[in-house]
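Novice: Sequence plus predicted model, see below.
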Amino acid sequence: MSDQSDILSIVVVGASGDLARKKIFPALFALHSQGFLPQRFNIFGFARSAFSDQEFRNKLVETLTCRYVPNVSCDDRMNEFLSNCRYIQGNYDSKDSFLDLHAAMRRVEGGAANRIFYMAIPPSLFAQVGGAISGAGLVAVGPDVPWSRVVIEKPFGKDRASSDLLMKEMANVFTEEQTYRIDHYLGKEVIENLMVLRFANIIFEPIWNNLYIKNVQISWKEDIGVEGRGGYFDEYGIIRDVMQNHLVQMLALTAIEPPAGFESGYIRNEKVKLLNCIAPPTMNDVAIGQYVAGTLKDRSFAGYRDDKSVAKDSITPTFAACVLKIDNRRWDGVPILLSAGKGLDARMTEIRIQFRETPGNIFCKTGGCPEPNQLVIRVQPDEAIHFKIVSKVPGLQFELKARDLDMQYKTAFSEAIPDAYENLLLEVICGDKSLFIRDDELAAAWDIFTPVLHEIDERAVAPELYEFGSAGLAGYFKLRERFGIE
């Protein structure tokens, strides 16, 4: 970490929004509670809403928790944290508003300071805000000045071209080295553990290939609908909102070659190589759907188009599944099934590695072939790693059943599981980019999905309808059957 100053200023642009209040500020308080923020830190909220400093602090305190400081006075820690939080009202495209912010920062900093700008705003505002920040002289440049870093939230565009344009516009203000593209799934504890699971345990590498693995399934399910976020969601749809980023990132870490080291450059190089080996899917490899009214756990739910923020004739997918193929030696012939959907029967995110059947299995003659092994990495809820093996059932009869070797995080570890934003914000402060998306990595991910997204949009492909609370749609199960995915 280059540390030209012992003062850290964090600017949260869009500070009055849900992302800032529910995720970013609680994560910053968690870091402060554990001593990870420097002694001299300042946090500035910037948004269009009118708040005084005290009104802003009163809003923040509603979402702060004391889980890291249960045995000390949490009130003292909160007061320390909140006393360093200030608010500036302004317009996102106004240089004058950011000049006001700059003046407020200089008064508090009292000298040179390292700065983080967190863009908790829609991507459509990134270029305006970046230009205003630059025009107000907020970004220090040069080798002997304190560092400046910017954190931007997905979605990063709607396709390869819009993503490239967004990167170009932001590059006018922040260099690639200063830019941290955040995908909060990369900060989740189980996802961070993927690298350790694969490369710190000798048992997996010899079988982590097409000789032993039959298929890979990466699933993301929510048992809620858009719930008032229809205006945003209807503009993007489930492929852009979840599949192109969260699921592709999980796939990359599942399938990459062993990196030469743990440093961020080595890891991200391997991710780019992997993504460049994935052929874009055709419509024949994709199923899309949209939920209609249904019932889950004796409760009725409205359909997607019933949401007031969604157009009555919307054909935006709320569910998508696709099969990808990785054209390299390790994964040739292994179907990779990605699926993501809202309004389903459960909330769950997991990676499921389905191993091949044991060849010449001697136990097939004793009443049916045993189930093949599976490795399940449960990301949420209830973080866990399950390894399904076949075992003899105790008793005088000879009966085999598959059982889980089960590691539940909550029982295996006494330590608190940090929120993803805590991990990621700490990495920004430390200058470690391992968990962030590089420009060429983003481009490679968009190259996978841009062709099929354009085809869906140009042909106005109507999604298959499925009831809220169901397990999926018929097209999804047909995909599974066609590729032999059980």
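Specialist: Okay, I see it.

Novice: CA only for contacts and neighbour counts going forward, please
Specialist: Fine.

Novice: Number of residues surrounding residue 333?
Specialist: 16 (other Cα atoms under 10 Å).

Novice: Would you verify that residue 425 is located in a helix?
Specialist: Yes. Judged by DSSP: H, G, I helix; E, B strand; the rest coil, residue 425 forms part of a helix.

Novice: if I pick it, what's in contact with it?
Specialist: Each residue near residue 425 by Cα atoms under 8 Å, 6 or more residues apart in numbering is listed here: 27, 28.

Novice: Tell me how far it lies from residue 362.
Specialist: The gap separating residue 425 from residue 362 is 53 Å, by Cα to Cα, to the nearest Å.

Novice: Tell me which stretches of the stretch 201-350 of the chain form strands.
Specialist: 213-221, 286-292, 294-296, 299-301, 319-324, 336-341, 348-355 (DSSP state E, counting those that start in this stretch).

Novice: residues in contact with stretch 272-284?
Specialist: Contacts with stretch 272-284, where a contact means Cα under 8 Å, 6+ apart, come from 252, 255-257, 322-328, 440-441, 444-445, 447-449, 451-452, 455.

Novice: Please, a ChimeraX command that selects the buried ones among those residues?
Specialist: Here is the ChimeraX selection string for the buried members of the contacts of stretch 272-284, based on 16 or more other Cα atoms under 10 Å:
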select :252,255,256,257,322,323,324,325,326,327,441,444,445,447,448,449,451,452
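
Novice: among the contacts of stretch 272-284, which are in helices?
Specialist: Secondary structure assignment by DSSP state H places 252, 255, 440, 441, 444, 445, 447, 448, 449, 451, 452, 455 of the contacts of stretch 272-284 in helices.

Novice: Do I have it right that the first one meets residue 267?
Specialist: This points to residue 252. No. In this structure residue 252 lies outside contact range of residue 267 using Cα atoms under 8 Å: 10.0 Å.

Novice: what residue ranges in the protein score low on pLDDT?
Specialist: For the chain, the stretches flagged by pLDDT under 70 are 1-5, 70-71, 142-143, 366-367, 392, 395-403, 407, 409-417.

Novice: so what's the residue nearest the centre of it up against?
Specialist: The residue lying closest to the centre of the chain (Cα atoms, centre = their mean) is residue 185, at 2.9 Å. By Cα under 8 Å, 6+ apart, the residues touching residue 185 are 191, 246, 420.

Novice: 7 Å - rerun?
Specialist: Residue 185 sits next to 246, 420 when contact means Cα atoms under 7 Å, 6 or more residues apart in numbering.

Novice: again, but for residue 46
Specialist: 12, 13, 14, 15, 87, 88, 89, 90.

Novice: Next: residue 238.
Specialist: Contact analysis of residue 238 by Cα under 7 Å, 6+ apart lists 317, 318, 319, 320, 340, 341.

Novice: okay if I get those as TSV plus neighbour count and distance to residue 36?
Specialist: Below are these laid out as TSV (neighbours: other Cα atoms under 10 Å; distance: Cα to Cα, whole Å):
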residue	neighbour count	distance to residue 36
317	26	41
318	27	39
319	30	39
320	26	40
340	26	35
341	29	36
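
Novice: ok, those residues vs residue 212, which is closest?
Specialist: Among the contacts of residue 238, residue 340 lies closest to residue 212 (Cα to Cα), at 25.9 Å.

Novice: can I assume the closest one is in contact with residue 319?
Specialist: Yes. Applying Cα atoms under 7 Å, one finds residue 340 in contact with residue 319, separated by 5.6 Å.

Novice: biggest separation within the ones in helices among the contacts of stretch 272-284, which pair?
Specialist: The span of the ones in helices among the contacts of stretch 272-284, defined through Cα to Cα, is set by 255 and 455 at 27.3 Å.

Novice: In this structure residue 304 contacts residue 292, no?
Specialist: Yes. Taking Cα under 7 Å as the definition, residue 304 is a contact partner of residue 292 at 5.9 Å.

Novice: picking up where we left off before, for the ones in helices among the contacts of stretch 272-284, give me JSON lines that also has distance to residue 232.
Specialist: Shown next, in JSON lines, are the ones in helices among the contacts of stretch 272-284 (distance: Cα to Cα, whole Å):
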{"residue": "252", "distance to residue 232": "27"}
{"residue": "255", "distance to residue 232": "31"}
{"residue": "440", "distance to residue 232": "26"}
{"residue": "441", "distance to residue 232": "25"}
{"residue": "444", "distance to residue 232": "24"}
{"residue": "445", "distance to residue 232": "21"}
{"residue": "447", "distance to residue 232": "23"}
{"residue": "448", "distance to residue 232": "23"}
{"residue": "449", "distance to residue 232": "20"}
{"residue": "451", "distance to residue 232": "22"}
{"residue": "452", "distance to residue 232": "21"}
{"residue": "455", "distance to residue 232": "21"}
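
Novice: Among those residues, pick out the one closest to residue 166, please.
Specialist: Nearest member of the ones in helices among the contacts of stretch 272-284 to residue 166, counting by Cα to Cα, is residue 440, at 13.3 Å.

Novice: What sits closest to the closest one if chain neighbours are left out?
Specialist: residue 272 (7.0 Å; Cα to Cα, 6 or more residues apart in numbering).

Novice: Ok, residue 352 next?
Specialist: Nearest residue to residue 352 in three dimensions, chain neighbours excluded: residue 376, at 4.5 Å (Cα to Cα, 6+ apart).

Novice: now that neighbour: how far from residue 361?
Specialist: According to Cα to Cα, residue 376 stands 23 Å off from residue 361.

Novice: Compare neighbour counts for the two and give me the winner.
Specialist: residue 376 (20 against 10).

Novice: which residues touch that one?
Specialist: Residue 376 makes contact with 350, 351, 352, 353, 385, 386, 387, according to Cα under 7 Å, 6+ apart.

Novice: which of the residues you listed sit farthest apart?
Specialist: The largest separation in these, counting by Cα to Cα, is between 350 and 387 at 13.0 Å.

Novice: all helices of the stretch 101-250 of the chain, in order?
Specialist: Using DSSP state H, counting those that start in this stretch, the helices of the stretch 101-250 of the chain run over 126-135, 160-171, 189-199, 230-238, 248-255.

Novice: Distance from the longest one to the middle of the chain?
Specialist: For helix 160-171, the gap between its own C-alpha mean and the chain's C-alpha mean amounts to 20 Å (Cα atoms, centre = their mean, to the nearest Å).

Novice: now for that helix, which elements pack on it?
Specialist: helix 126-135, helix 439-459 (3 or more Cα pairs under 7 Å, 6 or more residues apart in numbering; DSSP states H and E).

Novice: out of the ones you listed, which comes closest to residue 50?
Specialist: The nearest among the helices and strands packed on helix 160-171, by Cα to Cα, is helix 126-135 at 18.4 Å.

Novice: Return the list of helices and strands in contact with that closest one.
Specialist: For helix 126-135, the elements it packs on are helix 95-109, helix 160-171, judged by 3+ Cα pairs under 7 Å, 6+ apart.

Novice: Could you export those as a markdown table, including mean neighbour count and distance to residue 283?
Specialist: Formatted as a markdown table, the helices and strands packed on helix 126-135 follow (neighbours: other Cα atoms under 10 Å; distance: least, Cα to Cα, whole Å):
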| stretch | mean neighbour count | distance to residue 283 |
| --- | --- | --- |
| helix 95-109 | 17 | 46 |
| helix 160-171 | 17 | 18 |
